[in-house]
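Engineer: mind looking at a prediction? Sequence and model below.
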Amino acid sequence: MNAPILKRTRLGTLAVAGLASLAMMARVDIRFVWGFLGAAVWSVLGLWAVELLIRKGLVPPGEPRDGRAIVLLIGAKAALYAVAIWTLLVEAVPPVSCLLGFSLLLIVLVVVAVVGKPTLSSRPPVE
C-alpha cells in the first residue's frame, strides 16, 4: 500500500472540496454546497477507515491483530454508511451534490497517481 499517495489523495480532496465549495457559494443553493462538501469529507473518512482497517487486519504471520481496533473501524465504516443513507432518505441535500462530492476523491486519486509517477513510459522494465 502506497501511503504517500493515499495521504496526498486525502489532503488534495479536502483542499479541492474546500476551494470548490467556496467558489460555488455565490452560484448555487447552499444545500448543494453542503452536500458536495459533506460527501467529499465522507469519502475521505471512508478511505481513511478502509486504509486503517487494512493496516490493522493484514499483519505479518506471527504478529497479533488488534481485534478491538478492527471492530471499531468496521463500526465506524458502518456508521458512515448509515449517515449517508439517512442523508439521502430525508433529502437533506440533493443527491447529485453527493455524487459529485464522492467522485471528487476518485478524480483526485487518479491525478495524484499520474502526477506522482512522472517516469511512466511505454518502455519495458529494465532487467
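Structural biologist: Yep, that arrived. Numbers count the residues shown, from 1 in each chain.
Engineer: list the contacts for residue 107?
Structural biologist: By C-beta atoms under 8 Å, 6 or more residues apart in numbering, the contact list for residue 107 is empty. Glycine gets a C-beta too; all of them are placed from N, C-alpha and C.
Engineer: that one sits in which helix or strand?
Structural biologist: Using DSSP states H and E, residue 107 sits in helix 95-116.
Engineer: in that helix, which residues are buried?
Structural biologist: 97-98, 100-102, 104-105, 108-109, 112 (16 or more other C-beta atoms under 10 Å).
Engineer: and stretch 19-36, by the same measure?
Structural biologist: Buried residues in stretch 19-36, counted by 16+ other C-beta under 10 Å: 20-21, 24, 32-36.
Engineer: how long is that stretch end to end?
Structural biologist: Taking C-alpha to C-alpha, to the nearest Å as the measure, stretch 19-36 stretches 11 Å from start to finish.
Engineer: report the mean per-residue pLDDT for it.
Structural biologist: For stretch 19-36, the mean pLDDT works out to 94.
Engineer: which residues touch that stretch?
Structural biologist: The contact list for stretch 19-36 (C-beta under 8 Å, 6+ apart) reads 17, 37, 87, 92-98, 100-101, 104.
Engineer: distance of the closest residue to residue 109 other than its chain neighbours relative to residue 97?
Structural biologist: Nearest residue to residue 109 in three dimensions, chain neighbours excluded: residue 9, at 4.7 Å (C-beta to C-beta, 6 or more residues apart in numbering). To residue 97, residue 9 is 21 Å away according to C-beta to C-beta, to the nearest Å.
Engineer: could I get the buried residues of helix 95-116 as JSON lines with distance to residue 47 and pLDDT?
Structural biologist: Shown next, in JSON lines, are the buried residues of helix 95-116 (distance: C-beta to C-beta, whole Å; pLDDT from 0 to 100):
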{"residue": "97", "distance to residue 47": "19", "pLDDT": "94"}
{"residue": "98", "distance to residue 47": "16", "pLDDT": "93"}
{"residue": "100", "distance to residue 47": "17", "pLDDT": "95"}
{"residue": "101", "distance to residue 47": "13", "pLDDT": "94"}
{"residue": "102", "distance to residue 47": "11", "pLDDT": "94"}
{"residue": "104", "distance to residue 47": "12", "pLDDT": "96"}
{"residue": "105", "distance to residue 47": "6", "pLDDT": "96"}
{"residue": "108", "distance to residue 47": "10", "pLDDT": "95"}
{"residue": "109", "distance to residue 47": "9", "pLDDT": "94"}
{"residue": "112", "distance to residue 47": "12", "pLDDT": "92"}
